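Student: structure for this input, please:
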Amino acid sequence: MSTLPATFSLVNLVASTIGSVGCIWIAAKIVGATEASFARCALAGIASVAVVVAGVMLLGPLRGLLVAPLLMLVVFKFILDTSLLGAFIIGVLTIAFQTGLRKLME
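Tutor: Numbers count the residues shown, from 1 in each chain. Below you'll find the predicted structure:
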């Protein structure tokens, strides 16, 4: 059995993760977050996904998805050491950068 499909999936996953963390990192640099290192941005990305998933599991799908953006902003605020407005701008810029990357990949 060939390992090429599994290798391609792993490479795709790693590239996608680095791209997502890179978008958070660039947005944090633009906003001027105090702790805007690549490692802290990776931690913020992982923690925000974990907190949002936990929120959806605890609150149910509808309320969890309504509260999810606020949970993500709080995680960005504390891990990247920025204001709540700065965390909001980081979230908006990250979405814009990821959309641009997807358009480039098409």
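Student: for residue 62, see how far away the residue positioned nearest the centre of the chain is.
Tutor: The residue lying closest to the centre of the chain (Cα atoms, centre = their mean) is residue 45, at 3.9 Å. Distance of residue 45 to residue 62, computed by Cβ to Cβ, to the nearest Å: 25 Å. Quick note: C-beta positions are derived from backbone N, CA and C, even for glycine.
Student: for residue 70, same thing?
Tutor: If you go by Cβ to Cβ, the gap between residue 70 and residue 62 works out to 15 Å.
Student: and the two? which has more neighbours close in?
Tutor: Each of residue 70 and residue 62 has its neighbours counted (other Cβ atoms under 10 Å); residue 70 has more, 13 against 9.
Student: low pLDDT regions in this structure?
Tutor: Residue ranges of the chain with pLDDT under 70: 1-8.
Student: grab the longest helix from this structure for me.
Tutor: In the chain, with assignment by DSSP state H, the single longest helix is helix 4-31.
Student: would you confirm that residue 21 contacts residue 45?
Tutor: Yes - between residue 21 and residue 45 a contact is recorded at 5.4 Å, counting by Cβ atoms under 8 Å.
Student: so for stretch 74-86, what gets flagged as buried?
Tutor: Buried residues in stretch 74-86, counting neighbours by 16 or more other Cβ atoms under 10 Å, are found at 75-77, 79-80, 82, 86.
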